[in-house]
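Chemist: Got a predicted structure here, sequence first:
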Amino acid sequence: MCVCMMGKPPSFLPTSRKELTDLGWSNVDIILFSGDAYVDHPSFGMAVIGRVLEAQGYRVAIVPQPNWRDDLRDFTKLGAPRLFFGVGSGSMDSMVNHYTAAKRLRSNDSYTPQGKAGARPDRAVTVYCRILKQLFPDVPIVIGGIEASLRRLSHYDYWDDCWKPSVLVESGADYLVYGMGEQAVVTLARKMRAKASVQEIRQTPQIAWLDAGEAPTKTATLKESATLLNSYETCLHNPKACIDNFQVIEHQANQTNATRLVERVGEAYVVVNPPFPPMEPHELDAIYDLPFTRLPHPRYQGKHIPAFEMIKHSICIHRGCFGGCSFCTLAVHQGKEIVSRSEGSILREVRAQVAHPQFKGVLSDLGGPSANMYGMGGKKRALCTNCTRTSCLFPKMCQNLDHSHARLLALYRAVRREPGVRHAFVGSGIRYDLFLNEIGFLSTDGELYLHELLRHHCSGRLKVAPEHTESHVLTNMEKPAFLLYERLKAYFDNINTQEHLKLELVPYFISSHPGCTKRDMANLAIKTKKMNFRLEQVQDFTPTPMTLATEIYYAGYHPYSMQKIDCARTKQEKNAQRSFFFWYLPENLRLLK
């Protein structure tokens, strides 16, 4: 993807009519609507999309957290764009952002100034799109981001406890970009600017749309063949049909030569084109080399945005995750293939951080979806091309996986040598099954990685995610055995003693995952108590669209083994499981006994 700069960009994308006037713009090509506050940082997706489009020469404006409740002036203040509106809920799904796993309304929002809740609506993508279609019926709308991506086809909705159609149906959007959408949105913009036909636009990879025309075999225009899924109406009354669809969708998502997916809903069809190939490293470098200010927009002067404070001095070193955890949406959205930035690109960002007026010498995170997957991938790429595994690590590590930490160690050392960097911490989670098995370290560089991680890159607490202690629950999660975590803790304690460190190992656990019972939670409490843990980093399972665990939760059995699996569904059942995490609280002790 070409990201050449077309002249000097403004410090921030404009957000108001006054800012447009100051730039001398009478109109804009693309207006982006976001459920987040506008932070011009590469960790915020809408900022990335805006900068990428700007680099292609488009005039781009952004409307952060528009008021959808009353006069709707935020939706009209910039007028109509020449090409399209882009709409996203923000860096989080709006329902996950708003509600706990127990469906209680959260009291804060980390992506809003002062952390205040209520700045975005439930199902923000749908709400924003409906308003824009009402006000500007002739302007195309392109939706994207995590909320739209996970809802591109019919899906189980945990919050309404029902099977819902594609978000394209409910929102009225013209196109949906799924996954990491830079390539697709740039291609759409180019075709719209060239006034391409609808048929040509619909050949764009990695998009979806609602086709109200003929049968899908006649509307398919891509060279690839189409796979017809069970219809929304069939799925609505038959969980087995939902399971069948999931198997096809997951299979297609994990192969190189995917086909177009077509799902009937009413008299129309949701059509999902196969994705672009993963980016090359130089393409990813070009995105992170764009001139982000790495600051919140001046409109928030004097206001605290919690999410920004957490990531403002962090650096993403790669995209993708091949871990394949059944409850996680990372691979669903970013893909399982790792695309790593070059060391040069990362060091350029480090130097930009050092030069930043707010930088105090500490990088909070050199990470990614899983921090230690940098530089990893298949030894023989041809084998990966024909592979449809969802995980390269479960049920056992793929023999074709190059899991060497040598390249990552070289990067860490290069960052440590940079003038002005006092500490470079790793705040993202790591996969310890990349350097450990039940016997010990998998390689010399794996052992060296753990030593250097603890010696130089741990801020005091190493956070890892065993998720549970019981083998059958871990199998449903597609996570390694708890014995591996016990092995990690033994090495951690040994290094802590040898190096005279005072580090703390902090494990993450999940309750109420499909297949988990109160007895399993009691065993978890007993085992972690014996290890002297008082758990704090815990969560209750929340079903989110397009994950294996959600399909199990909805159907009540595993899509592949067809084994029946019990799930905690009621508030009482979920609370009972969660209480085992906090066995040490007086109010829980009598109940647990």
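Modeler: Yep, that arrived.

Chemist: just for the stretch 1-150 of the chain, where's the confidence low?
Modeler: Filtered on pLDDT under 70, the stretch 1-150 of the chain yields the residue ranges 1-10.

Chemist: sorry, that was for the chain
Modeler: Residues of the chain meeting the criterion pLDDT under 70: 1-10, 214-224.

Chemist: Was I right to think C458 contacts F425?
Modeler: Yes - with contact defined as Cβ atoms under 8 Å, C458 counts as touching F425 (6.8 Å). For glycine as for every other residue, the C-beta is placed from the backbone atoms N, C-alpha and C.

Chemist: do you know how far Y158 is from T100?
Modeler: Per Cβ to Cβ, to the nearest Å, Y158 is found 11 Å from T100.

Chemist: Need the residues touching each of those two.
Modeler: Listed as contacting both Y158 and T100 by Cβ atoms under 8 Å, 6 or more residues apart in numbering are T542.

Chemist: Between the two, which is the more surrounded one?
Modeler: Taking neighbours as other Cβ atoms under 10 Å, Y158 and T100 compare with Y158 leading, 20 against 13.

Chemist: pretty sure the more buried one is touching P543, no?
Modeler: Yes - checked against Cβ under 8 Å, the pair Y158 and P543 is within contact range at 4.2 Å.

Chemist: any shared contact partners between the two?
Modeler: Here Y158 and P543 share the contacting residues 550, 553, scored by Cβ under 8 Å, 6+ apart.

Chemist: ok, F394 - how many residues close by?
Modeler: Using other Cβ under 10 Å, F394 is surrounded by 21 other residues.

Chemist: thought it was touching E478?
Modeler: Yes - contact criterion Cβ under 8 Å: F394 and E478 qualify, at 4.3 Å.

Chemist: what is in contact with these two at once?
Modeler: Common neighbours of F394 and E478, using Cβ under 8 Å, 6+ apart, are G324.

Chemist: P205: neighbour count?
Modeler: Per other Cβ under 10 Å, the neighbour tally for P205 reads 16.

Chemist: For it, give its distance to A258.
Modeler: To A258, P205 is 10 Å away according to Cβ to Cβ.

Chemist: isn't V96 right next to P543, touching?
Modeler: No - with contact defined as Cβ under 8 Å, V96 does not reach P543; the gap is 10.4 Å.

Chemist: follow-up on the earlier one: quick one: common contacting residues for P205 and A258?
Modeler: 274-275.

Chemist: How many residues are close by the nearest residue to S326 once chain neighbours are set aside?
Modeler: Spatially, and ignoring its direct neighbours in sequence, S326 is nearest to L548 (3.9 Å; Cβ to Cβ, 6 or more residues apart in numbering). Look at L548: counted by other Cβ under 10 Å, it has 24 neighbours.

Chemist: need the contact list for L548.
Modeler: Contacts of L548 (Cβ under 8 Å, 6+ apart): 246, 250, 326-327, 390, 478, 559.

Chemist: ok, and the most crowded of those residues?
Modeler: Counting by other Cβ under 10 Å, top hit in these: F246 with 25 neighbours.

Chemist: Which helix or strand contains that one?
Modeler: Secondary structure from DSSP states H and E places F246 in helix 239-253.

Chemist: Run me through the strand neighbours of whichever helix or strand comes after that helix, direction for each.
Modeler: For helix 239-253, the following helix or strand on the C-terminal side (DSSP H and E) is strand 260-265. Partner strands for strand 260-265, per DSSP bridges, with pairing direction: strand 226-228 (parallel), strand 268-272 (antiparallel).

Chemist: could you check the angle helix 239-253 makes with the last one?
Modeler: Okay, so that is strand 268-272. Strand 268-272 runs at 30 degrees relative to helix 239-253, counting by axes from the mean of the first three to the mean of the last three Cα atoms, to 10 degrees.

Chemist: For strand 268-272, what is the distance to the chain centroid?
Modeler: Here strand 268-272 is found 24 Å from its chain centre; the criterion is Cα atoms, centre = their mean, to the nearest Å.

Chemist: Report the next helix or strand after that strand in sequence order.
Modeler: As assigned by DSSP H and E, the chain's next helix or strand after strand 268-272 is helix 281-288.

Chemist: Thank you, goodbye.
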